[in-house]
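Dropping a prediction and its sequence here:
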Amino acid sequence: MAAEVEIGRGKSGRRAYAFDEIGIVPSRRTRDPEEVSVAWQIDAYRFGMPLLVAPMDSVVSPATAIAVGNLGGLAVLDLEGLWTRYENPEPLLAEIASLDDVRATQRLQEIYTAPIKEELIGRRIQQIRDAGVTVAARLSPQRTAQFHKAVIDAGVDLFVIRGTTVSAEHVSGRAEPLNLKQFIYELDVPVIVGGCSTYTAALHLMRTGAAGVLVGFGGGSGHTTRTVLGVAVPMATAVADVAAARRDYMDESGGRYVHVIADGGMTNSGDIAKAFACGSDAVMVGSPFARSTEAPGRGYHWGSEAHHGDVPRGARLDLGTIGTMEQILYGPSHVADGSMNLIGALRRAMATSGYTELKEFQRVQVVVAPQAH
């Protein structure tokens with residue numbers, strides 16, 4: 001256990017690290033990047049790359065989910081987004097892209113007050129399934145009990161329960177909370193659940209029977225949870241803590257492996273490589289794909305936190321566009337900021353440190369190099 005730092009006489013805390021405060025150490029033995037494997041498998045589903053596109057309307061539509069699937073990845077459709085509230089959300093997506101910053105949050109809140117339609121849940125999932133790619137879809141813990149049957153009946157392959165913070169022991173006096181352990185046990189599909197950011201919270205989520213655990217607060221570069229709520233855990237430390245929970249849960253359960261998925265806060269290929277170095281099995285990102293020419297947000301990016309009715313904890317960002325989804329994933333890159341050829345950069349990072357498999361790369365040496373503030 002890391003020593004605590006005294007904040008003041010009445011409070012101490014652990015020193016925690018963000019991705020930009022650590023570095024990957026190269027090895028004496030290097031590899032050919034073409035011989036590096038970045039394949040990832042969860043349950044019965046195998047992917048050519050360990051990357052999930054976050055369930056945000058600005059990046060995932062049924063069309064882009066199909067495109068990412070055909071490129072070897074997995075995109076998660078938000079079943080509480082515009083695609084299940086409106087028959088044709090394209091005019092609204094265009095309107096959101098045209099809003100000025102002053103008006104954006106209020107208008108987003110208005111647009112997302114439209115009710116979710118169960119028949120649209122089924123149709124969107126079926127559209128992706130008909131294309132022959134793996135179907136992943138997300139509900140929040142608050143909506144899971146209400147809509148999960150429609151999701152399962154439509155034939156989802158991977159069920160994602162994602163919120164800003166998800167616990168296995170939510171307490172509420174207003175409504176019966178979702179019993180994650182019972183719910184996951186009764187489902188016939190693998191469930192990915194999160195986010196969490198501590199060893200203890202992750203261990204409890206793993207005990208529910210989840211196939212994967214999301215690490216982070218969602219929202220990524222667009223979330224303002226730290227500013228609004230004061231809640232924040234730097235991602236390098238969070239991922240390493242949850243990876244430790246995965247190891248200990250394997251011992252506790254007799255060998256059951258739960259995948260650790262870093263979720264949010266990775267805006268470039270270096271961050272993605274560091275997430276694996278800290279122990280991730282896969283990563284979930286949004287903002288890199290919001291900059292693709294195919295993205296529904298037309299260069300703008302926002303998550304569900306941005307249109308929360310009471311306490312918005314996210315902003316609509318203007319990121320612009322830089323290239324196609326294929327270029328962002330596989331290059332070629334024409335910029336030097338790590339925003340393109342994400343998979344090529346991951347391969348090279350692994351090769352430079354001497355690893356050919358992602359599981360091995362989790363053991364790579366890292367150094368702490370705090371940035372000046």
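Now that the structure is in, tell me what you want to look at.

Below-threshold pLDDT in this protein: ranges please.
1-2, 164-177, 218-229, 308-313, 370-373 (pLDDT under 70).

mind checking the longest helix of it?
helix 235-253 (DSSP state H).

Which residues does that helix contact?
14, 16-19, 21-22, 196-200, 202-203, 206-207, 213, 215-216, 256-258, 260, 262, 264-266, 274-275, 278-280, 362 (Cβ atoms under 8 Å, 6 or more residues apart in numbering). The way it works is simple: take the backbone N, C-alpha and C, and place the C-beta from them, glycine included.

Could I get the full set of helices for the stretch 201-350 of the chain?
225-229, 235-253, 269-277, 287-290, 325-330, 342-352 (DSSP state H, counting those that start in this stretch).

Point out the most buried one among these.
A comparison of the helices of the stretch 201-350 of the chain by mean neighbour count, using mean count of other Cβ atoms under 10 Å, puts helix 287-290 on top with a mean of 28.

picking that back up, now intersect the contacts of helix 235-253 with the strands, please.
Per DSSP state E, strands hold the following members of the contacts of helix 235-253: Arg14, Ile22, Cys196, Val213, Val215, Val260, Ala262.

The second one bridge partners, please.
By that I understand Ile22. Beta-bridge partners for Ile22, by DSSP bridges, are Val368.

Then the third one?
Using DSSP bridges, the bridge partners assigned to Cys196 are Val215.

Look at it and say how many residues are nearby.
Residues lying near Cys196 (other Cβ atoms under 10 Å) number 29.

coming back round to it: quick one: the longest helix of the chain to helix 269-277, angle?
30 degrees (axes from the mean of the first three to the mean of the last three Cα atoms, to 10 degrees).

Just the C-alpha atoms of helix 235-253, please, in CSV.
In CSV, the C-alpha atoms belonging to helix 235-253 read as follows (Å, rounded to 0.1, in the frame of the first residue of the first chain):
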residue,chain,number,x,y,z
MET,A,235,-6.6,7.4,-14.5
ALA,A,236,-3.1,5.7,-14.2
THR,A,237,-3.6,5.0,-10.5
ALA,A,238,-7.3,4.0,-11.0
VAL,A,239,-6.4,1.4,-13.8
ALA,A,240,-3.5,0.0,-11.7
ASP,A,241,-5.7,-0.4,-8.6
VAL,A,242,-8.5,-2.1,-10.6
ALA,A,243,-5.9,-4.4,-12.3
ALA,A,244,-4.8,-5.4,-8.7
ALA,A,245,-8.5,-6.2,-7.9
ARG,A,246,-8.6,-8.4,-11.0
ARG,A,247,-5.6,-10.3,-9.9
ASP,A,248,-6.9,-10.8,-6.3
TYR,A,249,-10.4,-11.8,-7.6
MET,A,250,-8.8,-14.5,-9.8
ASP,A,251,-7.4,-16.0,-6.7
GLU,A,252,-10.6,-15.6,-4.8
SER,A,253,-12.8,-17.1,-7.5
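
Now do that helix and strand 259-263, the angle between them.
160 degrees.

Pull the distance from helix 235-253 to the chain's centre.
Mean-position distance between helix 235-253 and its chain equals 17 Å (Cα atoms, centre = their mean, to the nearest Å).

ditto for stretch 270-283
The answer for stretch 270-283 is 12 Å, by Cα atoms, centre = their mean.

What of stretch 247-261?
Counting by Cα atoms, centre = their mean, stretch 247-261 comes out at 20 Å from the chain centroid.

Now do the helices in the stretch 1-150 of the chain.
Using DSSP H, counting those that start in this stretch, helices in the stretch 1-150 of the chain cover 62-70, 90-98, 101-111, 118-130, 141-154.

relative to helix 141-154, how tilted is the very next helix or strand once past the last one?
Following the chain from helix 141-154 toward its C-terminal end, the next helix or strand by DSSP states H and E is strand 158-162. Here strand 158-162 runs at 170 degrees with respect to helix 141-154, directions being taken by the same axes, to 10 degrees.

list the buried ones in the helix or strand just after strand 158-162?
Sequence order places helix 180-186 as the next helix or strand after strand 158-162, per DSSP H and E. Neighbour-count burial for helix 180-186 flags Leu180, Phe183, Ile184 (criterion: 16 or more other Cβ atoms under 10 Å).

Quick one: distance of helix 180-186 to the chain centre.
That offset, for helix 180-186, works out to 22 Å (Cα atoms, centre = their mean).

Could you list the alpha-carbon positions for it in PDB?
Output of helix 180-186 as PDB, limited to C-alpha atoms (Å, rounded to 0.1, in the frame of the first residue of the first chain):
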ATOM      1  CA  LEU A 180     -26.400  -6.200 -10.100                       C
ATOM      2  CA  LYS A 181     -25.500  -9.700  -8.900                       C
ATOM      3  CA  GLN A 182     -29.000 -11.100  -9.400                       C
ATOM      4  CA  PHE A 183     -29.500  -9.200 -12.700                       C
ATOM      5  CA  ILE A 184     -26.200 -10.400 -14.200                       C
ATOM      6  CA  TYR A 185     -26.800 -14.000 -13.000                       C
ATOM      7  CA  GLU A 186     -30.200 -14.100 -14.800                       C
END
